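J.: Mind folding the following:
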Amino acid sequence: MLFGAGPRLWAQGGAAEPSISPGPSIRGVVESTDGELYEGVLVTLTEIGPGAAAARTQATDSDGAFSFADVPAGAFRLTISAKGFGTQTVSGVLHPGESYDAQTIALPVTASSEVRVSASQQDIAVEQLHEEEEQRVLGVLPNFYVTYVPDAPPLTTRQKYVMAWKYSIDPVAWVETGAFAGVEQADNTFSGYGQGAQGYAKRYGANYADGFIGTMIGGAVLPSIFKQDPRYFYKGTGTIRSRTLYAIENAVVCKGDNGHWQFDYSGILGSLAAGGIANLYLPASSRNGPGLTFESTGLGIAGSAVANLFQEFVVRRLTPKAPHSTAGNP
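T.: Residues are numbered from 1 along each chain as shown. All right, here's what the predicted structure looks like:
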């Protein structure tokens, strides 16, 4: 407990390590700048990111130690404060299966001061990427390319490639490809492929190649070159009209890695490139040069607008692991 204007001071005798509680924990010791242990200092643990639990607060014990048990993996912030002493803020990332030792935190005797040791944007992006990879509509369909965190840090080049690769090899992608190939087989689309098992295999391969090439070029290669974010940033606030316009606009604009909105060179040029490459393996009778490529790109933009509208108004409700901490409409 606190006595008078500040925490109780104990003569330095070596900072005892706090006991390690079962499960991942965050622990540390608070002392003065002269090395005296502080008892009764308030330490508040705040989880950062989607689905964060309520903040937890505890007071340091007689050895100046604190320990939060069973802390979920992810970014966090520790706020250390006491009346008459400067406030310290320590931020970091707790990795799955690990415990975090904040070690010794010195609390200066000042009216107010703050020392911030922040987790890097890359560390936070990694945690958010892991969360996005768990997002599935109805618990099945991958919903990786949307973030419900308005100020989510940009993806690194490696993260863009990892996301594109995981999306392309997801089991659902193989099943969807088979379904599209079956529909084309029934309608005899691209008749040059023929019928039977061989015709179906050609349609399957062409459909999978279309999706794989489009995802890798539009979701990884060009976003890395143009430094753009391939994800849809869920708005969730405002009037229905404003959210509708936002969703449609995002079919041709995207957020850059610098945080500014810009023309979506990556998505549109990626669609053109994928369409051009597709002309190389379509049956000769179905190739239409630039005309087919631009037509496919136009349809792709329209499809993106429709998909964004579903993201804005429907998909989040159907995604069990979508975060619920973002302000705005559910």
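
J.: Can you tell me the number of residues neighbouring Arg136?
T.: Using other Cβ atoms under 10 Å, the number of residues around Arg136 comes to 18. For glycine as for every other residue, the C-beta is placed from the backbone atoms N, C-alpha and C.

J.: what does Phe76 give?
T.: 23.

J.: With Ala53 instead?
T.: Neighbours of Ala53 under the rule other Cβ under 10 Å: 11.

J.: secondary structure class for it?
T.: Three-state call for Ala53 (DSSP: H, G, I helix; E, B strand; the rest coil): coil.

J.: I'd assumed Pro24 was in contact with Glu98.
T.: Yes. The criterion here is Cβ atoms under 8 Å, and Glu98 meets it with Pro24 at 6.3 Å.

J.: what sits in contact with each of those two?
T.: Both Glu98 and Pro24 are contacted by Ala73, under the criterion Cβ atoms under 8 Å, 6 or more residues apart in numbering.

J.: neighbour count winner among these two?
T.: Pro24 (18 against 11).

J.: thought that one was touching Phe68?
T.: No. In this structure Pro24 lies outside contact range of Phe68 using Cβ under 8 Å: 9.4 Å.

J.: buried stuff in stretch 221-240?
T.: 221-224, 226, 228-236 (16 or more other Cβ atoms under 10 Å).

J.: and it, how far apart are its ends?
T.: For stretch 221-240, the first-to-last residue distance is 34 Å (Cα to Cα, to the nearest Å).

J.: what's the average pLDDT for that stretch?
T.: For stretch 221-240, the mean per-residue pLDDT is 93.

J.: Show me the buried residues of stretch 221-240 that map onto strands.
T.: Among the buried residues of stretch 221-240, the ones falling in strands (DSSP state E) are 232-233.

J.: Which parts of this protein are helices?
T.: 121-132, 157-168, 171-187, 196-216, 222-226, 240-249, 265-281, 289-313 (DSSP state H).

J.: CSV for the ones you listed, including distance to Pro108?
T.: Shown next, in CSV, are these (distance: least, Cβ to Cβ, whole Å):
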stretch, distance to Pro108
helix 121-132, 27
helix 157-168, 38
helix 171-187, 54
helix 196-216, 52
helix 222-226, 44
helix 240-249, 46
helix 265-281, 48
helix 289-313, 47
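
J.: Those helices: lowest mean pLDDT?
T.: helix 121-132 (a mean of 64).

J.: Who are the contact partners of Val183?
T.: Thr189.

J.: Hmm, Asp61 is touching Glu39, no?
T.: Yes. Using Cβ under 8 Å, Asp61 is in contact with Glu39, at 6.5 Å.
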